[in-house]
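Undergrad: Next come a sequence and a model predicted from it.
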Amino acid sequence: MEERTPQLPADHPQSLAQRLAKFAKPALIAGVVIAVVCGVLLMIIGALDAFNSTVYSVDGKSIRDETEEARQIRDLYVGARTGGIVVLVLALVSAVAGGVLLYLNRNEPEAGDINGDEDVDFEDLGR
């Protein structure tokens, strides 16, 4: 038995925006989730950095000193912070793009919507 995928009628060809719209909702959801995770990661990195600076400064030293030890503590989380910021920006761009595509195609029928604008109720399912 072969499965058929529902298609839109021939008088409604899909535009590029409509074809991309099927990826909009997953991109929006993934972008928001990844942005939240990156935001939490950056807050944790900031807290760890502040803690390390405080512990280093207990003996009267300053984290702003030009010593090798102070430089190593300042540079300890640079890679994680930079990576977190880059991924955060990419996630936000993905979420915004997904949201814009969903907004622009809000009135367009979906590819799997073979009923058009027909509303199917619970009573219609019992027939």
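TA: Yes, it's here.

Undergrad: buried ones in the helix or strand hosting Leu41?
TA: For Leu41, the enclosing helix or strand under DSSP states H and E is helix 24-56. With burial defined by 16 or more other CB atoms under 10 Å, the residues of helix 24-56 counted as buried are 24, 27-28, 31-32, 34-35, 38, 41-42, 45, 49, 52-53, 56. C-beta here means a position set from N, CA and C on the backbone, and glycine is covered the same way.

Undergrad: And for stretch 85-98?
TA: Within stretch 85-98, the residues that count as buried by 16+ other CB under 10 Å are Val87, Leu88, Ala91, Leu92, Ser94, Ala95, Ala97, Gly98.

Undergrad: which residues sit in contact with the residue nearest to the second one when sequence neighbours are not counted?
TA: In space, not counting the residues next to it along the chain, Leu88 is nearest to Cys38; the distance is 3.9 Å by CB to CB, 6 or more residues apart in numbering. Taking CB atoms under 8 Å, 6 or more residues apart in numbering, we find Cys38 in contact with Gly84, Ile85, Val87, Leu88, Ala91.

Undergrad: Those residues in helices, which ones?
TA: Restricting these to those inside helices, with DSSP state H as the criterion, leaves Gly84, Ile85, Val87, Leu88, Ala91.

Undergrad: Now tabulate the residues you listed in TSV and tack on distance to Arg19 and pLDDT.
TA: Output for the ones in helices among the contacts of Cys38, formatted as TSV (distance: CB to CB, whole Å; pLDDT from 0 to 100):
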residue	distance to Arg19	pLDDT
Gly84	32	95
Ile85	32	96
Val87	27	97
Leu88	28	97
Ala91	23	97
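
Undergrad: Could you dump those residues into CSV with distance to Arg74 added?
TA: Written out in CSV, the entries for the ones in helices among the contacts of Cys38 read as follows (distance: CB to CB, whole Å):
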residue, distance to Arg74
Gly84, 17
Ile85, 17
Val87, 22
Leu88, 21
Ala91, 27
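
Undergrad: Quickly note the distance from the residue nearest in space to the middle of the chain to Ser94.
TA: Central residue of the chain (CA atoms, centre = their mean): Gly31, 0.8 Å from the mean position. When CB to CB, to the nearest Å is the yardstick, Gly31 and Ser94 sit 4 Å from each other.
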